[in-house]
Structure formats: C-alpha cells, structure tokens
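Student: just to be clear, the model below is a prediction. Sequence and coordinates:
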Amino acid sequence: MQKIIILLLIVNQAFAQKHEIGGFFGGMFYKGEVSEFSWQTPDGMIGAMVRQNWNSAISTQFSVSTGNVRASDKNNPNSTIATLRNYSFSTNIFEFAAVGQYNFYDFGHLADASPWTPYLFVGVAGFNMSPKNSQDNNPPYQPLQFAIPFGVGAKFMMNENWNVSLQFTARKTFTDYIDDLYVRNGNNPKLFTPNPNDKDMYFSFSLGISYVFQQPPCPSFYNMRGVRRRL
C-alpha cells in the first residue's frame with residue numbers, strides 16, 4: 001500500500017497537466033509573386049495563447065494573433081516583370097491556430113527536467129486576410145482561408161511561474177491572393193495573373209512570455225513517511 005501511494009504521487013507530479021497563458025509579438029513576412037521571402041520587409045504582429053502541457057514532452061497550444069504582411073515590386077529592381085508591374089500591397093491577417101508541440105528535452109519544473117528545450121510543432125489554422133488598399137468590393141477569392149502552421153522554437157524556464165519562448169512559424173496556405181494580386185481595371189494579364197502552382201505563404205518570428213499555473217507540489221518524502229506511519 002505504501003509503495004502504491006508513493007508511485008501515484010510521483011506519477012501525478014510527473015504528468016501533471018500544467019496550464020500556461022501568455023502573449024507574443026514579433027515580425028510577419030510574406031512569400032509570393034510580389035516578393036520571395038526576405039527578412040528586409042517585416043511588418044508587425046501580436047497575439048495571445050493558451051498552452052496545455054500534457055507531460056514534459058508533449059504540449060498543445062491555441063492562439064489568436066493579428067499582423068500585417070507587405071511587399072513591393074520596387075524591391076525587385078532586377079526583375080523585368082516587377083519593373084513593368086510596379087505593384088505593392090499591405091494585407092492584415094487575423095489568425096486562429098491550434099498546434100501540437102514536441103519538446104526534445106524533458107521540459108518542466110521537476111528536479112530532473114531541463115530548464116530549456118528546442119521544440120517542433122505543426123497544426124491547423126484559419127485566417128482572414130484584409131488587403132488595405134483594395135478598392136474592389138467583389139474580389140475573386142474568399143477572405144477566410146485555412147493554413148497549416150509549422151515550425152521550430154525554443155522554450156526557457158525563467159522561474160517556477162514564467163516561461164519565455166522564441167519561435168519561427170511558416171504557414172502553408174491554399175490561396176494565391178494574400179497579396180491581392182489579380183487582373184482588374186484593365187491590368188495586363190501577363191503581369192497580374194498569379195501562378196496557380198505556387199501558393200502564397202506567410203511567416204512570423206516571435207518572442208513570447210507565458211505564466212505557468214502550477215499544481216500543488218508533491219508532498220516531501222518526510223511527509224510521506226508520516227503518512228506511512230499513520231497507515
């Protein structure tokens with residue numbers, strides 16, 4: 001009976017479901033017809049998240065964020081198409097995402113856990129894209145779209161209740177209109193027709209901070225010896 005109690009206490013502490021809530025901010029980037037991916041054209045993004053740590057290796061996270069992506073043909077002076085088209089855009093993206101994370105190290109607040117870990121993640125997302133300069137009330141696409149977010153990151157345990165993370169996220173989308181590029185108002189189809197075989201993508205690099213809601217600590221072995229005496 002004593003061994004069963006000790007085992008249950010250890011298992012409960014090792015697999016305790018710890019919740020986190022926090023926020024993040026960073027830069028958002030675009031890749032499509034108007035520009036290849038470039039660190040030179042970031043725009044801002046901000047968001048909030050809730051994370052469930054099922055154990056030291058597996059977590060799930062739900063987040064909501066908003067940010068902007070932008071690009072201009074003027075940044076591609078060596079492209080004949082970009083010079084002739086002379087197009088630019090800025091699009092707001094509002095996103096809901098759910099991802100699963102895998103920690104490479106046993107990350108957590110146990111004595112034998114690592115205070116930091118790199119991690120991988122993948123999930124699903126829905127996002128709404130709102131081009132800022134568009135004057136077309138009937139575009140050839142739906143603003144609400146789906147994406148597959150995936151990427152890498154690193155978590156750092158600052159103390160018992162605060163974690164910090166760095167994360168790079170890529171989104172595989174199924175639309176070619178994040179840049180709002182299509183034939184309209186007599187534009188040349190050779191310049192304004194998007195490539196159907198190369199969908200747009202957007203990326204983000206973010207810094208996050210989260211508060212960890214700890215469960216009550218496991219009783220010490222001194223207290224457990226007292227429990228054994230009462231048994």
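Tutor: Arrived safely.
Student: now the strands for the protein?
Tutor: Ranges of strands in the chain, per DSSP state E, are 18-31, 43-53, 58-72, 88-103, 116-131, 144-157, 162-173, 201-213.
Student: out of the ones you listed, flag the one nearest residue 138.
Tutor: Ranking the strands of the chain by proximity to residue 138 (CB to CB) places strand 116-131 first, at 13.2 Å. Just so you know, the C-beta spots here come from the backbone N, C-alpha and C atoms, and that holds for glycine as well.
Student: off-centre distance for the closest one?
Tutor: The chain centroid and the centroid of strand 116-131 are separated by 3 Å under CA atoms, centre = their mean, to the nearest Å.
Student: quick one: contacts for the residue nearest the centre of the chain?
Tutor: The centre of the chain sits closest to residue 169, judged by CA atoms, centre = their mean, with a distance of 5.2 Å. Contact analysis of residue 169 by CB atoms under 8 Å, 6 or more residues apart in numbering lists 149, 150, 151, 203, 204, 205, 206.
Student: nearest to residue 66, of these?
Tutor: residue 204 (11.1 Å).
Student: contacting residues for that closest one?
Tutor: 26, 27, 28, 29, 45, 65, 67, 167, 168, 169.
Student: would you mind checking those residues for buried ones?
Tutor: In the contacts of residue 204, burial by neighbour count holds for 26, 27, 28, 29, 45, 65, 67, 167, 169, counting by 16 or more other CB atoms under 10 Å.
Student: the first one contacts residue 205, doesn't it?
Tutor: Read that as residue 26. Yes: Residue 26 is within contact range of residue 205, at 5.0 Å (criterion: CB atoms under 8 Å).
Student: could you work out the end-to-end span of stretch 135-142 for me?
Tutor: 15 Å (CA to CA, to the nearest Å).
Student: mind listing residues that contact it?
Tutor: Here stretch 135-142 has contacts from 175, 177, 180, 182, 184, using CB under 8 Å, 6+ apart.
Student: what's the closest of the buried ones among the contacts of residue 204 to residue 103?
Tutor: residue 167 (13.0 Å).
Student: bridged to the nearest residue to the closest one once chain neighbours are set aside, which residues?
Tutor: Spatially, and ignoring its direct neighbours in sequence, residue 167 is nearest to residue 153 (3.6 Å; CB to CB, 6 or more residues apart in numbering). In this entry, residue 153 is beta-bridged to residue 119, residue 167, by DSSP bridges.
Student: grab the nearest non-local neighbour of residue 195.
Tutor: residue 33 (6.3 Å).
Student: what number of residues lie near the one you found?
Tutor: 22 (other CB atoms under 10 Å).
Student: list the contacts for it?
Tutor: So residue 33 contacts 176, 179, 181, 194, 195, 198, 200 (CB under 8 Å, 6+ apart).
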